[in-house]
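Chemist: just the structure for this:
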Amino acid sequence: MPIFQVIDLATMKEENKFYFYRDLENLQREPHEIHVQFEDHLLVSEEVYSRHILCSHCVRYRRLCFPLESAPSDVDVDSFIDVYKECPCAFDRTHGSSMAMLFTCHVGYGRTTLGMVMGSLVLAHHNGFNSIVSKSQRKSSGEENTCTAIQRLLSLIPDGQNIKHQVDAVIDLCGELYHLHGEISAAKHLLEGTTFDQKVDGKNAQEMLYKRCCHFLQRYLFLICFNSYLTEQFSQRFLKPFSKWKRQHPEIVRLLHNVHHPNFHAPMDLILTDRQFMVADVYIGLDVMSSQMDVRVPNFRKLNLKGFSVYGMAQPARDGVTKISNYLLSKKQGHSFVVLVNLRNDVAVECDGKTYSVRDSTLLDEPVIHPGLSKEELEEKEETLTKIIKTNKILTYNELSAEPVEQEFSSVLTPSELADNQKLQTLDMQYYRVPLQYDTTPTEQDFDDLMTVIRKHGFSEEYERNKTAIVYYCRTGKSRTTLALAVTGLVMCHLRGFPKGSNIGEQERVSCPNAQYTKGDFMIVQKLVRILPNGQQVKREVDFVLDECFETMSPMHFHIREVIFVTYNKIIKAKSEAEKQQLRRQSLDALERYIYLILFNMYLRYDKKIKWQRSFSQWMREVAVNAGVFELLDNLAFYDFEKVPTLFKTMNERWSNRSQPIPFAGEFK
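Modeler: This next block holds a predicted model:
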């Protein structure tokens, strides 16, 4: 509270008294009173320290607003490093003086210890880790935290195990009152001991403890990242601030802000309770392309580029896989090989000729997604699910508008088994799984995974002779499938040359309200285009392929570029602030997805001469970073319409909390 407000409160009555509490746990002698009349009677912490600094030239003060449990903000980390750099002996080991750091917080517990660990890590890079590691070996309990997120982070940073070992050693030395590993373990133990409906002070206990576990884990992951940053930048005297270093490692940003999914390690037998249900994938109104009658699969279509054998569809059942295979391998279509690519990142199975996905009882409209899981991990979950379904009666929704019914199934197959069964009839077929998250920007690794499939089959002589058909599918055959069609179309155009319509002056005129936004000419997109070599042509090529994708799927009313402005326009009619925020995020996600397609096309142009031997992820780290691409992505907004950008303009905010709003289940690991 500002000083003037305290004085106003104190002088409301003639006594000029201000009341405060010293001990919130023992209220018998509380509150205390103090007489306040003039500003001189009160000092804020800033004034106390500033006055001391005036008399002591070797003292520096900085206020860092660390959160109670999670990781500090990038701004505070940069501020901490700036204070360190001001010290004359910061980088000079021969300097006669040494540095001391003093951290304080409310009770000198969690946040103070976090500061101590950060300070010790910096000083260890100055003085060496030998003494710290040797002391830690005598003191450490040997307890290791093996959360999945930790293992993934270690795979992303150079010399990850050693970086973590150094952090653990410092945590041990600073952990007399507050030991981060102990806090994580204690929170996990409490979380796994609570029930789904347990309440504490009217709030869901499991939800509170789950958030605490995530916050503690995020703090630990941050310390590993911070030490990795110090390892790289200390010898360069912090040429890059931490915020810039982190921005240039987008895979680390995503991991730090999505440390755990509430159903990441949930048991598949939750479908035997009222927590989760099996819901049919096909629903009334799904098949807007009217392909169900012909090929037994909703939304089947072909990319509208002559000579390009690339198709998309919704999730097929066994009769759909057979029908599609027979159709593509028929003499009329002329293909001799079919590549089936599954883009789903949720758990789905086919039961007696109908596909189902697992849904949480609190969010029946969407399948339970598993961001970050590999195809092997997803298939393992699906295999476990099939075993459960085969031996139990399952409550299923065939239509969400109706009540669930209890069913027994005689035949249950995973998507992989569907493809394997078809291979027995159709030897000339290959199945892949590239899990993509629904309606969000694909990661750099997602582009690489798609590129792996395209390189294997799209670069072959069989494809050149139009003999190989590549078929993508997701649950509805809409967003993720269209993205994969666009990516494949761009790659194929670079191999064979772009058809007429992709060059300057060859585009059709668009005469409709807000045509420039329909064409994707937002200020932020134009800024990107201007920093890319031949940027306008790069964008034109993307627009050409997106328009051709839309040409054969116009009944869907889904165009990857046009959906940006359509989604943003819905904000005006939103009925609540929460709905507005959701639409702001969705529109920025769509804008970011479009920008990533432009960047991917730039990569295809740039590395064409070396036949794309370098991955898109590498290209983003080694080439795009120098053009300031990540600075642009960290300031993403609709500057055309907004004077003040939303919080979602930053990568941190936009990529954080991508988990579904569903209750925690299973183990936290």
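
Chemist: shaky segments in the stretch 101-250 of the chain?
Modeler: With pLDDT under 70 as the threshold, the stretch 101-250 of the chain has low-confidence stretches at 135-145.

Chemist: what are the ranges of the helices in it?
Modeler: Remark: helices of the stretch 101-250 of the chain, listed N- to C-terminal, are 110-127, 130-139, 148-156, 160-174, 180-192, 205-233, 242-247, 250-256; assignment by DSSP state H, counting those that start in this stretch.

Chemist: in the shortest one, what counts as buried?
Modeler: By neighbour count on 16 or more other CB atoms under 10 Å, the buried set for helix 242-247 is 242-243, 245-247. All C-beta spots, glycine's among them, are computed from the backbone N, C-alpha and C.

Chemist: likewise stretch 556-569?
Modeler: 556, 558-565, 567-568.

Chemist: where's it relative to the chain centroid, distance-wise?
Modeler: Remark: stretch 556-569 is offset 22 Å from the chain centroid, using CA atoms, centre = their mean, to the nearest Å.

Chemist: returning to that earlier point: can you put the buried residues of stretch 556-569 in a markdown table and add distance to residue 158 and secondary structure?
Modeler: Conversion of the buried residues of stretch 556-569 to a markdown table gives the following (distance: CB to CB, whole Å; DSSP: H, G, I helix; E, B strand; the rest coil):
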| residue | distance to residue 158 | secondary structure |
| --- | --- | --- |
| 556 | 44 | helix |
| 558 | 41 | coil |
| 559 | 41 | coil |
| 560 | 35 | coil |
| 561 | 38 | coil |
| 562 | 42 | helix |
| 563 | 39 | helix |
| 564 | 37 | helix |
| 565 | 42 | helix |
| 567 | 39 | helix |
| 568 | 40 | helix |
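
Chemist: any chance of TSV for the residues you listed, columns pLDDT and distance to residue 606?
Modeler: Compiled in TSV, those are given as follows (pLDDT from 0 to 100; distance: CB to CB, whole Å):
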residue	pLDDT	distance to residue 606
556	77	32
558	85	29
559	91	26
560	93	22
561	94	22
562	93	27
563	94	27
564	95	25
565	94	29
567	94	30
568	94	31
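
Chemist: of all those residues, which two lie farthest apart?
Modeler: By the measure CB to CB, 556 and 568 form the most distant pair in the buried residues of stretch 556-569, at 19.4 Å.

Chemist: how near is residue 440 to residue 634?
Modeler: 17 Å (CB to CB, to the nearest Å).

Chemist: scratch that, residue 255 is what I was asking about
Modeler: With CB to CB as the criterion, residue 255 and residue 634 are 17 Å apart.

Chemist: hmm, residue 620 is touching residue 599, no?
Modeler: Yes - checked against CB atoms under 8 Å, the pair residue 620 and residue 599 is within contact range at 7.2 Å.

Chemist: now the common contact residues for these two.
Modeler: Among the neighbours of residue 620, those also in contact with residue 599 (CB atoms under 8 Å, 6 or more residues apart in numbering) are residue 629.

Chemist: so which of the two has more stuff around it?
Modeler: Under the neighbour definition other CB atoms under 10 Å, residue 620 and residue 599 were set side by side, and residue 599 has more, 24 against 21.

Chemist: residue contacts, the more buried one?
Modeler: The neighbourhood of residue 599, defined by CB under 8 Å, 6+ apart, consists of 528, 620, 624, 629.

Chemist: element containing it?
Modeler: Using DSSP states H and E, residue 599 sits within helix 577-606.

Chemist: following element in sequence after that helix, please.
Modeler: The C-terminal neighbour of helix 577-606 among helices and strands, as given by DSSP H and E, is helix 616-622.

Chemist: out of the contacts of residue 599, give me the one that has the most neighbours.
Modeler: When these are compared by neighbour count (other CB under 10 Å), residue 528 ends up highest, at 24 neighbours.

Chemist: which residues sit in contact with it?
Modeler: Residue 528 makes contact with 535, 595, 598-599, 629, 632, according to CB under 8 Å, 6+ apart.

Chemist: let's go with 7 Å and repeat that
Modeler: With contact taken as CB atoms under 7 Å, 6 or more residues apart in numbering, residue 528 is in contact with 595, 598, 632.

Chemist: turn those residues into TSV, columns for pLDDT and neighbour count.
Modeler: Putting the contacts of residue 528 into TSV (pLDDT from 0 to 100; neighbours: other CB atoms under 10 Å) gives the following:
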residue	pLDDT	neighbour count
595	98	24
598	98	20
632	96	17
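
Chemist: and those residues as a markdown table, adding distance to residue 453?
Modeler: Compiled in a markdown table, the contacts of residue 528 are given as follows (distance: CB to CB, whole Å):
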| residue | distance to residue 453 |
| --- | --- |
| 595 | 23 |
| 598 | 22 |
| 632 | 29 |
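
Chemist: now, among the residues you listed, which is nearest to residue 107?
Modeler: residue 632 (41.8 Å).

Chemist: okay, and the closest one sits in which element?
Modeler: Mapping residue 632 onto the secondary structure by DSSP H and E places it in helix 629-633.

Chemist: and that helix, how far from the chain's centre?
Modeler: When C-alpha coordinates are averaged (CA atoms, centre = their mean), helix 629-633 and its chain have centres 16 Å apart.

Chemist: which other helices and strands contact it?
Modeler: Helices and strands touching helix 629-633, as assessed by 3 or more CB pairs under 7 Å, 6 or more residues apart in numbering; DSSP states H and E, comprise helix 523-531.

Chemist: and the angle from the helix it packs on to helix 577-606?
Modeler: Interaxial angle of helix 523-531 relative to helix 577-606 (axes from the mean of the first three to the mean of the last three CA atoms, to 10 degrees): 10 degrees.

Chemist: for helix 523-531, which positions count as buried?
Modeler: Residues of helix 523-531 classed as buried under the neighbour-count rule (16+ other CB under 10 Å) are 524-525, 528-529.

Chemist: got it, and stretch 66-85?
Modeler: 66, 69-72, 74, 76-77, 79-81, 84.

Chemist: list just the nearest of these to residue 366.
Modeler: The shortest separation between residue 366 and any of these is 26.4 Å, and it belongs to residue 70 (by CB to CB).

Chemist: what's the closest non-adjacent residue to that closest one?
Modeler: residue 215 (3.9 Å; CB to CB, 6 or more residues apart in numbering).

Chemist: what does residue 359 give?
Modeler: residue 279 (4.6 Å).

Chemist: how about the contacts made by the one you found?
Modeler: Residue 279 sits next to 356-357, 359, 364, 397, 400 when contact means CB under 7 Å, 6+ apart.

Chemist: among those, which ones are buried?
Modeler: Among the contacts of residue 279, the ones that count as buried by 16+ other CB under 10 Å are 356-357, 359, 397.

Chemist: quick one: which two of those residues are the most distant?
Modeler: Every pair in the buried ones among the contacts of residue 279 was compared (CB to CB); the two farthest apart turn out to be 357 and 397, at 10.3 Å.

Chemist: let's have the buried residues of stretch 66-85 in CSV, adding secondary structure.
Modeler: Shown next, in CSV, are the buried residues of stretch 66-85 (DSSP: H, G, I helix; E, B strand; the rest coil):
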residue, secondary structure
66, coil
69, coil
70, coil
71, coil
72, coil
74, helix
76, helix
77, helix
79, helix
80, helix
81, helix
84, helix
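
Chemist: just those now: which is nearest residue 645?
Modeler: Within those, distances to residue 645 taken as CB to CB reach their minimum at residue 74, with 17.0 Å.

Chemist: quick revisit: quick one: contacts of the helix holding residue 632?
Modeler: Residues lying outside helix 629-633 but in contact with it, judged by CB under 7 Å, 6+ apart, are 247-248, 524, 527-528, 599, 651.

Chemist: go again with 8 Å.
Modeler: With CB under 8 Å, 6+ apart as the contact definition, helix 629-633 has outside contacts at 244, 247-248, 250, 524, 527-528, 531, 592, 595, 599, 620, 624, 651.

Chemist: is it true that residue 504 touches residue 534?
Modeler: No - between residue 504 and residue 534 there is no contact under CB under 8 Å: 10.4 Å.

Chemist: who has more neighbours, those two?
Modeler: The residue with more neighbours, out of residue 504 and residue 534, is residue 534; 12 against 8, by other CB under 10 Å.
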